[in-house]
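[1] Next input, structure requested:
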Amino acid sequence: MHWITRSGWPGNLIALAAGAITPLALAPFDLWPLALLSIALFYLGLRDLNPRQAAWRGWYYGFGLFAAGTSWVYVSIHDYGAASPALAAFLTLGFVAGLGLLLALAAWLWARWLRRSEAPLADALAFAALWLAQEAFRSWFLTGFPWLYAGYSQLDGPLAGLAPIGGVWLLSFVLALSAALLVNLAQLRARKAFLATAMLLAAPWIAGLALKGHAWTTPGGEPLKVAAMQGNIEQNLKWDPAQLNAQLALYRDLSFSAAPTDLIIWPETAVPVLKAQAAGYLDAMDRFANERQAALITGVPIRQANARGEPRYYNAVSVFGQGDGDYLKQKLVPFGEYVPLQEVLRGLIAFFNLPMSDFARGSPEQPLLQAKGYKIATFICYEVVYPEFAAGLAAQSELLLTVSNDAWFGSSIGPLQHLQMAQMRALEAGRWMIRATNNGMTVLIDPFGRITEQLPQFEQGVLYGEVVPMQQLTPYLYWRGWPLLALCTLLFAWALLAGRMARTL
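    Sure thing, here's the model as predicted:
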């Protein structure tokens, strides 16, 4: 035990391993108790360290977390970014090491300002608030990287019933609080507040189980039949001009031969050319959709002029047939859809010149897409992993849609992690979600986050099923993360004030 709490290599290596086991709690492994173990080891490992030592301990934990959970970025950089194995490995290590600094910052703040070793209950509460704060910070800092949140481990776990109340944030908070309380249980057993502590530990898990399967929303219309197309086009062919006609013909023929449905869904950039340049083809598909009394929704890049008349390019989704609207993607993927400091980086290596890597951000004031008389909240690929952003759009909608091209991830665990996050968005919102991808996972998700229909990964096909427009708001869509933010602010203030008083006495 002392190896974990003391500074030095043994404790740092344990922290590295603790971070690395977190992905095993998430998709596709779903061993959710490991999320508790990981956080508990991290918390215990910071117990006796000074701020500098704690920062190193936090960095090792973060490095293990992201190296094990997001090393699939190597596939994007090497296989599709034309980087050599050595360069791709170097860039991947830099990416992982940089993300580890976020956990180092959290650990430093803990040891410097917030730790309350003399008061184990207050210490556990403050740690849970800090854990949630670092996850939220990752959702915002430098456009955000909201991946590998502990709360996703509870999609099928005992706490799932809390997701519609406080989102994935509440699940992460409860996991961190539970882990810290379990670590402190021996100390708390001899104190007067033990019974209250035991109730605090057990109550969220009991509530989560009791609320699992509770319907917060109700149907707002008749079921809609869906046909979602999965083209399974290789990433290295997707932007090849010589393959354009073949790709357009593929989605046309899949749609023409499909059974009649209300919604026909194509994935992200299924039309790999500007909307204006494919006008004739899209007009024909518009007529086809109207003849079928269907709405066809597809990913297609759009060019629009800005206020100065300069052309800007957007990753977008458009509706044809029985519907209306264009949605321009707001949350862009760095290097995949735009290049930070592009004046300096473009041209240095092929990775900084990927096809379609000069997109602009869409306006946050866009109306929702309309299809068959219903409002659809649309998320293009990466956007579905932002809890607060997704909740803002979902609260205006009756149905959720996410389109993606996860071919960038290859056969790694990345697409399955991405799918799990989309399932959590459906659970948080209490709404059906359609997920259409180029090569998997193309699925239909019910308001409880469960997959009702799916296509095999890496196969071409059409997914059929039904979704139901939903009305009313879950507590999370109504309140979003504000109650938890207020709670964490109070806990931080309590820890800071109590620590200052303890130093004064």
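[2] My read is that residue 217 contacts residue 427, right?
    No: Residue 217 lies out of contact with residue 427 (C-beta atoms under 8 Å); the separation is 11.1 Å. (Glycine included, C-beta is placed from N, CA and C.)
[3] Overlap in contacts, these two.
    Contact criterion C-beta atoms under 8 Å, 6 or more residues apart in numbering; residues shared by residue 217 and residue 427: residue 447.
[4] got a list of what the residue nearest to residue 84 when sequence neighbours are not counted touches?
    Excluding its sequence neighbours, the residue lying closest to residue 84 (C-beta to C-beta, 6 or more residues apart in numbering) is residue 78, at 7.5 Å. Listed by C-beta under 8 Å, 6+ apart, the contact partners of residue 78 are 84, 85, 88.
[5] show me the residues around the second one that make contact.
    With contact taken as C-beta under 8 Å, 6+ apart, residue 85 is in contact with residue 78.
[6] start the count at 56, not 1, going forward
    From this message on, residue numbering opens at 56, which makes the last subject residue 140.
[7] Just the pLDDT at the nearest residue to residue 72 once chain neighbours are set aside, thanks.
    The shortest distance from residue 72 to any residue other than its chain neighbours is 6.3 Å, reached at residue 119 (C-beta to C-beta, 6+ apart). With respect to pLDDT, residue 119 scores 98.
[8] Ok, residue 58 next?
    Looking at residue 58, its pLDDT stands at 64.
[9] distance between the helix or strand hosting residue 132 and the chain's centre?
    Assigned by DSSP states H and E, residue 132 belongs to helix 128-134. Helix 128-134 sits 19 Å away from the centroid of its parent chain (C-alpha atoms, centre = their mean, to the nearest Å).
[10] C-terminal to that helix, what's the next element?
    helix 140-164.
[11] right, and the helix or strand after that next one?
    Once the chain leaves helix 140-164, the next helix or strand it forms, by DSSP H and E, is helix 175-193.
[12] quick one: buried residues of that next one?
    Buried residues in helix 175-193, counted by 16 or more other C-beta atoms under 10 Å: 175-191, 193.
[13] do the same with stretch 315-329
    Neighbour-count burial for stretch 315-329 [16+ other C-beta under 10 Å]: 316-329.
[14] quick check, nearest of the contacts of residue 133 to residue 125?
    Among these, residue 143 lies closest to residue 125 (C-beta to C-beta), at 13.7 Å.
[15] hang on, that closest one packs against residue 135?
    No: contact between residue 143 and residue 135 fails when scored by C-beta under 8 Å: they sit 10.3 Å apart.
[16] picking up where we left off before, can you add distance to residue 308 and pLDDT and give the contacts of residue 133 back as JSON lines?
    Formatted as JSON lines, the contacts of residue 133 follow (distance: C-beta to C-beta, whole Å; pLDDT from 0 to 100):
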{"residue": "139", "distance to residue 308": "38", "pLDDT": "89"}
{"residue": "140", "distance to residue 308": "38", "pLDDT": "92"}
{"residue": "143", "distance to residue 308": "36", "pLDDT": "90"}
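[17] Quick check: the gap between residue 510 and residue 83.
    Distance of residue 510 to residue 83, computed by C-beta to C-beta, to the nearest Å: 16 Å.
[18] Which neighbouring elements make contact with the host helix or strand of residue 97?
    Under the criterion of DSSP H and E, residue 97 resides in helix 88-100. Judged by 3 or more C-beta pairs under 8 Å, 6 or more residues apart in numbering; DSSP states H and E, helix 88-100 is in contact with helix 57-60, helix 64-80, helix 106-125, helix 218-238.
[19] quick one: that helix to helix 140-164, angle?
    60 degrees (axes from the mean of the first three to the mean of the last three C-alpha atoms, to 10 degrees).
[20] okay, the angle between helix 88-100 and helix 64-80?
    Here the directions of helix 88-100 and helix 64-80 differ by 160 degrees (the same axes, to 10 degrees).
[21] Name the residues of helix 88-100 that are buried.
    Across helix 88-100, burial judged by 16+ other C-beta under 10 Å covers 89, 90, 91, 92, 93, 94, 95, 96, 97, 98, 99, 100.
[22] distance between it and the chain's centre?
    Worked out by C-alpha atoms, centre = their mean, helix 88-100 lies 22 Å from the chain centre.
[23] same check, this time on stretch 351-359
    With C-alpha atoms, centre = their mean, you get 23 Å for stretch 351-359.
[24] go on, stretch 535-551?
    23 Å.
[25] Give the residue spans of the stretch 456-560 of the chain that score low on pLDDT.
    Across the stretch 456-560 of the chain, the ranges flagged by pLDDT under 70 are 554-560.
[26] Equivalent analysis for the chain, please.
    Checking the chain against pLDDT under 70 turns up 56-58, 390-412, 554-560.
[27] Show me how the record splits it into domains.
    57-208+218-240+535-559, 273-386+413-528 (automatic domain parsing).
[28] Tabulate those domains in a markdown table, adding columns for distance to residue 261.
    As requested, the domains of the chain are exported to a markdown table (distance: least, C-beta to C-beta, whole Å):
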| stretch | distance to residue 261 |
| --- | --- |
| domain 57-208+218-240+535-559 | 11 |
| domain 273-386+413-528 | 19 |
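[29] closest one to residue 258 among those?
    domain 57-208+218-240+535-559 (9.5 Å).
[30] Let me see the ranges of the strands in the stretch 456-560 of the chain.
    According to DSSP state E, counting those that start in this stretch, the stretch 456-560 of the chain carries its strands in the segments 488-492, 498-500, 506-509, 516-522, 525-526.
[31] most packed of these?
    strand 488-492 (a mean of 28; mean count of other C-beta atoms under 10 Å).
[32] got a list of what residue 479 touches?
    Listed by C-beta under 8 Å, 6+ apart, the contact partners of residue 479 are 206, 207, 210, 218, 223, 442, 504.
[33] Who are the contact partners of the residue sitting nearest the centre point of the chain?
    Ranked by distance to the mean C-alpha position of the chain (C-alpha atoms, centre = their mean), the top residue is residue 440 at 2.1 Å. The contact partners of residue 440, taken as C-beta under 8 Å, 6+ apart, are 201, 202, 473, 476.
[34] can you check residue 339 too?
    Contacts of residue 339 (C-beta under 8 Å, 6+ apart): residue 307.
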